[in-house]
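Novice: generate coordinates for the sequence data below:
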Amino acid sequence: MSATRRGRTPAPSVLRTLATLTASTLVLAGCGASGGHRADAHAGAQDRAHCPRQQRPIATKEADWQPVAKVLGRTGALRENVVFGISLPRRDLTVTSRGVTIGTSLALNGSADFARYCDGTMLMGDLVLTEDELPRAIEALQEAGIEQTALHKHLPDQSPPIWWTHYSAMGDPITLARKLKTVLEVSGDPIAVPPPPSTRPIDLDTAGINEALGRKGIAEGRVYKFFIGRGETVTAHGHVLPAPIGVDTVIKFQALGEERAAVTGDIVMTASEVQNVIRALRRGGFEIVELHNHMLDDQPRLFYVHYWGIGDGVQLARDLRPALNATNLAAPTPGS
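Specialist: The predicted structure is shown next:
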């Protein structure tokens with residue numbers, strides 16, 4: 001793909017932030033506050049009357065989003081000039097699956113992704129939650145007016161049990177950040193523990209993995225990862241969704257030593273692709289962990305299959321390739 005505490009008075013620092021918003025922050029609100037995910041749907045409908053029927057995300061600068069990052073007390077990064085993403089890693093959790101201690105970057109990293117449109121700012125993301133945190137997080141999301149759009153697991157045979165809940169909202173960026181901040185307060189602290197220093201290089205044949213997948217991955221500590229968008233336009237409530245906001249296929253390899261890896265992630269599919277992808281994954285020896293949606297109103301309707309495998313990194317990539325080829329992937333960009 002974070003939580004909220006009900007009835008909490010905003011801290012003085014948050015109130016000061018709201019009182020001193022810069023002009024760039026006001027620009028993020030677009031033409032006005034969006035409807036569709038908001039209680040003030042009537043006002044949102046008036047704002048949308050001035051916007052095109054199919055809205056594309058508007059290019060922004062990283063500096064535009066600093067007031068949002070300040071409210072959340074976190075740093076973020078701008079992707080494709082349209083999505084400001086804030087990572088929500090659960091470094092406070094120790095989780096195992098099939099005998100593997102799961103790295104945070106592999107499968108314990110939630111997110112909060114913001115994109116600006118004519119009628120407001122879209123927030124989408126997911127939260128990594130323990131079973132004890134899950135009921136409180138669901139209650140907090142509901143009280144904050146943030147839609148919960150999916151709930152599932154990403155890993156097989158995990159200990160302790162970990163849940164992922166996807167969420168979505170639309171409106172003023174600072175208001176959205178304040179609401180999400182209250183949700184994060186009930187989910188453990190996703191940034192309570194700093195990342196450990198990386199003391200050894202990644203023990204994977206990354207060049208061989210790149211060749212097998214026809215893409216170039218990104219190394220993050222002991223994890224080598226890929227994010228691949230769809231080839232067609234995906235929309236929700238008339239908003240064109242950029243791939244980094246959560247509509248991309250994800251592949252992550254965690255190095256286990258001697259060029260072996262655990263691989264997991266999710267493949268994004270339309271309904272007509274689902275069975276071919278599942279068959280290809282099973283032929284490759286991968287476990288099918290979950291099959292579900294992440295959104296409530298995406299067009300075309302998208303499904304996500306989570307998978308798991310352990311073995312030689314390059315062979316895992318070769319075995320994954322037929323499943324990827326069964327979907328409408330975006331063409332690789334030069335250098336990727």
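Novice: going forward, measure contacts between C-alpha atoms and count neighbours the same way
Specialist: Noted.
Novice: tell me where the model's unsure across the protein.
Specialist: 1-48, 189, 191-199, 335-336 (pLDDT under 70).
Novice: what segments of it are helices?
Specialist: 12-19, 23-28, 41-48, 66-72, 104-107, 133-144, 173-184, 206-213, 274-283, 313-325 (DSSP state H).
Novice: contacts for the fifth one, please.
Specialist: Outside helix 104-107, the residues within contact range by CA atoms under 8 Å, 6 or more residues apart in numbering are Pro89, Arg90, Arg91, His154, Leu155, Glu220, Val223, Lys252, Phe253, Gln254, Thr264, Gly265.
Novice: from memory Asp297 sits against Ala236, does it?
Specialist: Yes - between Asp297 and Ala236 there is a contact under CA atoms under 8 Å: 5.6 Å.
Novice: ok, those two, which is more surrounded?
Specialist: The residue with more neighbours, out of Asp297 and Ala236, is Ala236; 17 against 14, by other CA atoms under 10 Å.
Novice: quick check: bridge partners of Ala236?
Specialist: Bridge pairing for Ala236 (DSSP bridges) gives the partners His239, Asp298.
Novice: and the strands in the stretch 151-300 of the chain, which stretches?
Specialist: Using DSSP state E, counting those that start in this stretch, the strands found in the stretch 151-300 of the chain span residues 158-159, 162-171, 218-220, 223-229, 235-236, 239-240, 248-257, 260-270, 287-292, 298-299.
Novice: CSV for these, including distance to Asp113?
Specialist: Output for these, formatted as CSV (distance: least, CA to CA, whole Å):
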stretch, distance to Asp113
strand 158-159, 26
strand 162-171, 10
strand 218-220, 19
strand 223-229, 15
strand 235-236, 15
strand 239-240, 14
strand 248-257, 13
strand 260-270, 18
strand 287-292, 20
strand 298-299, 17
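Novice: how about the ones you listed, which one is nearest Gly110?
Specialist: With CA to CA as the criterion, Gly110 lies closest to strand 162-171 of the strands of the stretch 151-300 of the chain, at 8.1 Å.
Novice: related to what we said a few turns ago, out of the contacts of helix 104-107, grab the one that's most surrounded.
Specialist: Among the contacts of helix 104-107, the one with the most neighbours (other CA under 10 Å) is Gln254, at 30 neighbours.
Novice: okay, and the beta partners of that residue?
Specialist: Beta-bridge pairing for Gln254 (DSSP bridges): Val223, Ala262.
Novice: tell me how far it lies from Asp312.
Specialist: Using CA to CA, to the nearest Å, Gln254 is found at 11 Å from Asp312.
Novice: closest to Ile146 out of the strands of the stretch 151-300 of the chain?
Specialist: Taking the strands of the stretch 151-300 of the chain one by one with CA to CA, strand 162-171 is closest: 5.3 Å.
Novice: in its sheet, what does that closest one sit against?
Specialist: Strand 162-171 has these strand partners (DSSP bridges): strand 120-130 (antiparallel), strand 147-152 (antiparallel).
Novice: Gly217 and Lys181, how far apart?
Specialist: Gly217 is 31 Å from Lys181, where distance means CA to CA.
Novice: Pro89 contacts Asp126, doesn't it?
Specialist: No - using CA under 8 Å, Pro89 makes no contact with Asp126, being 10.9 Å away.
Novice: what residues are shared contacts of those two?
Specialist: Gly110, Ser111.
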